[in-house]
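Trainee: next one to model:
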Amino acid sequence: MTAEEARKDVKDAIEACKEQAKREGTAIWPDNVGDLMLEADKAGHQKYRKIVEKARKEGATDEDIREFWNLNDLQRRMVLWSENVFRYSNFLSLKEDGLCADDAMVLVRKMFPMYGDSEDTTHTSGDDRPLPHELRGRVDD
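Mentor: Numbering: from 1, shown residues only. Down below sits the predicted model:
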């Protein structure tokens, strides 16, 4: 891929993320939504308590929650996009090396932390479940 093609892909991803945020209604969220979410949890708002408690159940601290959710919406979405680019490029590379798709995915899951809904057991279970997004910063450190 040329530098020009890479720039175009990133610009396209930014536009797609912005459109998705508009569709989902998160484009207008404030940059400090993590602080607001933690305050709402303390005040007993069930919607936010569910998000916060789910993260805490998997080991996230208030600082982890704050760090992830205080990113603005575009930043959060672009973090997910860039991680998927790295995973997918490694997956393709492993397939080019002769691995079948299932074996390539097993190795990708070993190389990269997988984030998502820790209660989702569609593809994995037990200790192989996805980590909550709120743990990203600490895992990256």
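Trainee: name the helices or strands packed onto the helix or strand harbouring residue 95?
Mentor: Per DSSP states H and E: residue 95 is located in helix 73-96. Packing partners of helix 73-96 (3 or more Cβ pairs under 8 Å, 6 or more residues apart in numbering; DSSP states H and E): helix 3-24, helix 101-111. Backbone N, C-alpha and C define where each C-beta goes, glycine included.
Trainee: that helix versus helix 101-111: what angle between them?
Mentor: Here helix 73-96 runs at 130 degrees with respect to helix 101-111, directions being taken by axes from the mean of the first three to the mean of the last three Cα atoms, to 10 degrees.
Trainee: angle of helix 73-96 against helix 3-24?
Mentor: Going by the same axes, to 10 degrees, helix 73-96 makes 130 degrees with helix 3-24.
Trainee: what comes up buried for helix 73-96?
Mentor: For helix 73-96, the neighbour count (16 or more other Cβ atoms under 10 Å) marks 73, 76-79, 87, 90-91, 94 as buried.
Trainee: export it as PDB, just CAs?
Mentor: Below are the C-alpha coordinates for helix 73-96, written out as PDB (Å, rounded to 0.1, in the frame of the first residue of the first chain):
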ATOM      1  CA  ASP A  73     -16.100   9.300  20.500                       C
ATOM      2  CA  LEU A  74     -13.900   9.500  17.300                       C
ATOM      3  CA  GLN A  75     -10.800   8.600  19.300                       C
ATOM      4  CA  ARG A  76     -12.500   5.500  20.800                       C
ATOM      5  CA  ARG A  77     -13.800   4.400  17.400                       C
ATOM      6  CA  MET A  78     -10.400   4.900  15.700                       C
ATOM      7  CA  VAL A  79      -8.600   2.900  18.400                       C
ATOM      8  CA  LEU A  80     -10.900   0.000  17.500                       C
ATOM      9  CA  TRP A  81     -10.400   0.500  13.800                       C
ATOM     10  CA  SER A  82      -6.600   0.600  14.100                       C
ATOM     11  CA  GLU A  83      -6.500  -2.500  16.200                       C
ATOM     12  CA  ASN A  84      -8.700  -4.300  13.700                       C
ATOM     13  CA  VAL A  85      -6.300  -3.200  10.900                       C
ATOM     14  CA  PHE A  86      -3.300  -4.800  12.800                       C
ATOM     15  CA  ARG A  87      -5.300  -8.000  13.500                       C
ATOM     16  CA  TYR A  88      -6.500  -8.400  10.000                       C
ATOM     17  CA  SER A  89      -3.100  -7.700   8.400                       C
ATOM     18  CA  ASN A  90      -1.500 -10.300  10.700                       C
ATOM     19  CA  PHE A  91      -4.300 -12.700   9.900                       C
ATOM     20  CA  LEU A  92      -3.800 -12.300   6.100                       C
ATOM     21  CA  SER A  93       0.000 -12.600   6.600                       C
ATOM     22  CA  LEU A  94      -0.500 -15.900   8.500                       C
ATOM     23  CA  LYS A  95      -2.800 -17.200   5.800                       C
ATOM     24  CA  GLU A  96      -0.200 -16.300   3.100                       C
END
